[in-house]
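1. heads up, no residue letters with this:
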């Protein structure tokens, strides 16, 4: 029995010897490699997709267009509200509060419905996975 314990201790010592910490230079090298890969690489699944920060140039364009339209909408909305406040006085601010609350409730409803849809899709995927695993076991 002591021979088995000796062998187990030897294996444990060997495993501990392999767990040496990398040097700072090695850590920086790994970090730099990961950073370069994140900044620019070609998609593994589609060789024609060149990714800059994990997105293609057209995806960056759509994102910038979305933010520009959002900014333009916000500027127009707040300019309109400011114009109404100057024209009609302080009671218009209650209208602004009402519009804000309606938008907030709309966003909450959309997030809730999206989350419910996500949970439903996950359950469907889980059932499909279980059915496929059941077929493989037979």
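-> Noted; the coordinates are in hand. Not measured: the values here are computed from a predicted model.

2. let's check: the centremost residue of the protein is which one?
-> Nearest residue to the geometric centre of the chain (CA atoms, centre = their mean): residue 54, 11.5 Å.

3. so what's that residue up against?
-> residue 38 (CB atoms under 8 Å, 6 or more residues apart in numbering). Any C-beta I mention is one placed from the backbone N, CA and C, and that applies to glycine too.

4. could you do residue 91 as well?
-> Neighbours of residue 91 in contact, by CB under 8 Å, 6+ apart: none.

5. tell me the pLDDT of it.
-> Here the pLDDT value assigned to residue 91 is 86.

6. quick one, phi/psi of it?
-> phi -60, psi -20 (degrees, to the nearest 10).

7. what's the local residue count around residue 55?
-> Each residue near residue 55 was counted by other CB atoms under 10 Å, and the total is 13.

8. and if you look at the one 10 residues further on?
-> Other residues lying near residue 65 total 10 when counted by other CB under 10 Å.

9. secondary structure element holding it?
-> helix 57-88 (DSSP states H and E).

10. mean confidence (pLDDT) on stretch 130-138, please.
-> Mean predicted confidence for stretch 130-138 is 72.
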